[in-house]
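1. Can you look at this prediction? I've put the sequence above it.
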Amino acid sequence: GAQHPPLDPRIHRTFPKDTPKGNNLKSKKASSFHEFARSTNDAWDINDEDDEDLLAPIHPSSLPSTLHSVHQVPPLPLQQPSDTTREPDTGPADRVVVKSSSEALLNTNSVRSTLQKQQSLPVRPIIPLVARISDQNSSGAPIMTVRDKSRLDKFKYLLSCPNTDLEELRKHSWSGIPREVRPITWRLLSGYLPANMERRDLVLKRKRDEYFGFIEQYYHSRTDETYKDTYRQIHIDIPRTNPLIPLFHLPIPLFDILERSFRILFIWAIRHPASGYVQGINDLVTPFFVVFLSEFVVEDVENFDVASLPLDTQRNIEADSFWCMTKLLDGIQDNYTFAQPGIQNNVKALEELVSRIDEDIHNYFKRYEVEYLQFAFRWMNNLLMRELPLRCTIRLWDTYQAEQEGFSHFHLYVCAAFLIEWRKEILSMVDFQGLLMLLQNLPTIHWGNEEVGLLLAEAYRLKYMFADAPNHYRR
């Protein structure tokens, strides 16, 4: 059910105002949730006949020679709507564009087919993960204010205590975690690390050794007939992960990042047979990988050469990402079991909640026959990762880690607040097609900490008003 990231706000207002009666965009309503979930396509999908080209194991020696060096190529010429004037790209003049792994492993015909499918996608600028360009100084690091330094000192004090007060740590984390202490704070709040400082090194060593024990025990079976479907789907999804972030598509660390991500997902899937691998889980590895990588990178994380790190450091990042992702998924596993009942319940709850807090939007959807599943399925399946830039997701997860049931219960109210945020734009649409295009491509590309903070504040207000008031929640 995952689709491409948000469109550039400079382009999103080109929705057609008049939809022909014969327009086939609005497909027949699925007879069941399971059918709907199976029929929801990813905008980065490739043709089925191309899938087999992706199934060969990723190894540096098997990659085309063109991937072992960086080439400067102009951006691909993408077709734009005739009534849209695209502003010039304001990115660096010496931007380096390299082929992603999916492009590298496809033959010429399949690449052409993929590009034809994506011709409607605009060229979007690549912007920093941690902060917006306007928030940064000339060195590329976010400017630290007096307030930021005071908050950082509070975190350092809590983390240096022999027994970290986790409740106090959650309290301070709700408003965002400083970049310098985010890795250890996430490990603590996820339950991966113990609060007792003396036990942390021992626990880390034991859990990392345990993960690589799983690799030795299970990874060789990835090509067995039993796991053929799991192997196939993960190999197809991995190259699509964060297509706009160079970190995941630079040729030198290609094997390291993609292969390590594959191992994390494969090991998790075979150790959780009740759900197995479901499309969308691949996105949930990324924030952990980037945050734990930032512990060793002072400057530009998204363009960093992971292969330059010591092998032990790379292995530790992989193991920590596996365990923290596992802790997250333990709390929302119903989202990924058969028929995805957790998502069904959350989408239904979102519909009921919106009908209470903004009846105009709810009735507008009914008027144009927009089903909540058509946009909210992805919001629940990917935890809004496809709707927000990665830097915003990381900030959002600071709060989710601090909240009780943040990734499940509180996420519902974040989704409601996120929907209401676009009230004006929603009510300005005059047809089904315009509404659906807006809801699936909301213009958040330039969002930063300020916008996420306001979103979380509104979500908290909604939770305070409705979570313990069932009579307000349902009609």
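-> Everything's here; your move.
2. show me what contacts the residue nearest to residue 408 when sequence neighbours are not counted?
-> For residue 408, the nearest residue in space outside its immediate sequence neighbours is residue 332; the separation is 5.1 Å by C-beta to C-beta, 6 or more residues apart in numbering. The way it works is simple: take the backbone N, C-alpha and C, and place the C-beta from them, glycine included. Listed by C-beta atoms under 8 Å, 6 or more residues apart in numbering, the contact partners of residue 332 are 342, 407-408.
3. Most neighbours among those, please name it.
-> Counting neighbours by other C-beta atoms under 10 Å, residue 408 leads the contacts of residue 332 with 21 neighbours.
4. and that residue, helix, strand or coil?
-> helix (DSSP: H, G, I helix; E, B strand; the rest coil).
5. returning to what we had before: quick one: which of the contacts of residue 332 is nearest residue 160?
-> Relative to residue 160, the closest of the contacts of residue 332 is residue 407; by C-beta to C-beta it sits at 27.9 Å.
6. Please tell me how far the closest one sits from residue 441.
-> Distance of residue 407 to residue 441, given as C-beta to C-beta, to the nearest Å: 24 Å.
7. swap in residue 271?
-> 35 Å.
8. These two: which is more packed in?
-> Neighbours were counted for residue 271 and for residue 441 using other C-beta under 10 Å; residue 441 has more, 24 against 13.
9. residues in contact with stretch 144-155?
-> 169, 172, 177-178, 180-181, 185.
10. Could you dump those residues into JSON lines and include pLDDT?
-> As requested, these are exported to JSON lines (pLDDT from 0 to 100):
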{"residue": "169", "pLDDT": "97"}
{"residue": "172", "pLDDT": "96"}
{"residue": "177", "pLDDT": "96"}
{"residue": "178", "pLDDT": "94"}
{"residue": "180", "pLDDT": "93"}
{"residue": "181", "pLDDT": "96"}
{"residue": "185", "pLDDT": "98"}
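11. quick check, nearest of the residues you listed to residue 301?
-> residue 180 (13.1 Å).
12. Quick one: residues contacting that closest one.
-> Residue 180 neighbours (C-beta under 8 Å, 6+ apart): residue 152.
13. Ok, residue 276 next?
-> Listed by C-beta under 8 Å, 6+ apart, the contact set of residue 276 reads 230, 269-270, 336.
14. Might you list the low-confidence residue ranges for the stretch 201-350 of the chain?
-> 241-256, 299-300, 302-303 (pLDDT under 70).
15. do that again at 50, thanks
-> When residues are selected by pLDDT under 50, those of the stretch 201-350 of the chain lie in 250-255.
16. any chance you could map the helices in it?
-> Here the stretch 201-350 of the chain has its helices, by DSSP state H, counting those that start in this stretch, at 228-237, 254-271, 281-294, 311-330, 341-357.
17. Among those helices, which comes closest to residue 157?
-> That would be helix 281-294 among the helices of the stretch 201-350 of the chain, by C-beta to C-beta, at 21.1 Å.
18. what's the closest one packed up against?
-> With contacts defined as 3 or more C-beta pairs under 8 Å, 6 or more residues apart in numbering; DSSP states H and E, the packing partners of helix 281-294 are helix 182-189, helix 254-271, helix 311-330, helix 390-402.
19. Buried ones in stretch 450-463, by neighbour count?
-> 451-452, 455-456, 458-460, 462-463 (16 or more other C-beta atoms under 10 Å).
20. Tell me the one of the residues you listed nearest residue 197?
-> Among these, and counting by C-beta to C-beta, the member closest to residue 197 is residue 456, at 29.7 Å.
21. Could you find the closest non-adjacent residue to that closest one?
-> Nearest non-adjacent residue to residue 456 (C-beta to C-beta, 6+ apart): residue 399, at 5.3 Å.
22. List of residues touching stretch 262-273?
-> So stretch 262-273 is contacted by 58, 211, 214-215, 218-219, 221-222, 227, 230-231, 234-235, 238, 275-277, 281-282, 285, 318, 321-322, 325-326, 329, 333 (C-beta under 8 Å, 6+ apart).
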